[in-house]
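J.: Build me a model from this:
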Amino acid sequence: MTLGTRLLTWFRGEAVGTDSFGNRYYRERGSRKLRRGGGRFSREKRWVIYNGEPEGSKVPSEWHAWLHHTVDEVPRADRPRYPWEKPHQPNMTGTRYAYVPPGSILRGGHRPPATGDYEPWTPEQ
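T.: Residues are numbered from 1 along each chain as shown. Okay, here's the model as predicted:
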């Protein structure tokens, strides 16, 4: 966290919750009348302090919606989950858990030979 974020959190921040990754979410303390008409002055300020490396993909979807003012209600940890919902997983690109498809040079570059249905393009002369 930067010095500016630390000062904002100490003097004007109100903690609203944490997620399963340990990220802490804040809103601006105090209920001042907000100007209407769009723009940044018509909404309260909300922010996250990451647990560890600041990586935007570590924010679960319900907290992302709250941060971006898509929903006004603070997400609850005890909310019921639908059977089709999977647990949030951060972006694994660049880690050893990244998806590497078959035939990738990261897997040795071996892929099955073409089956004969491929016809290369050749320019007409």
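J.: just so I have it, where are all the strands in this structure?
T.: 13-18, 24-28, 46-49 (DSSP state E).
J.: mind checking which of those is nearest residue 121?
T.: Residue 121 lies closest to strand 46-49 among those, at 48.9 Å (CB to CB). For the C-beta atoms, the positions are set from N, CA and C on the backbone; glycine is no exception.
J.: Read off the pLDDT value for residue 35.
T.: Predicted confidence (pLDDT) for residue 35: 67.
J.: now the angle from the longest helix belonging to the chain to strand 13-18?
T.: Assignment by DSSP state H gives helix 3-12 as the longest helix of the chain. Helix 3-12 and strand 13-18 meet at an angle of 100 degrees, taking axes from the mean of the first three to the mean of the last three CA atoms, to 10 degrees as the criterion.
J.: First-to-last residue distance for stretch 110-125?
T.: One end of stretch 110-125 sits 35 Å from the other (CA to CA, to the nearest Å).
J.: ok, back up a step: for the longest helix of the chain, packing partners?
T.: With contacts defined as 3 or more CB pairs under 8 Å, 6 or more residues apart in numbering; DSSP states H and E, the packing partners of helix 3-12 are strand 46-49.
J.: Give me the distance from the strand it packs on to the chain's centre.
T.: Relative to its chain's centre, strand 46-49 lies at 12 Å (CA atoms, centre = their mean, to the nearest Å).
J.: which outside residues touch that strand?
T.: 1, 5, 8-9, 13, 23-28, 59, 63, 66-67, 69 (CB atoms under 8 Å, 6 or more residues apart in numbering).
J.: So which of those is surrounded by the most neighbours?
T.: residue 63 (24 neighbours; other CB atoms under 10 Å).
J.: check contacts around that one.
T.: Shown in contact with residue 63 (CB under 8 Å, 6+ apart): 17, 19, 23, 25, 48, 75.
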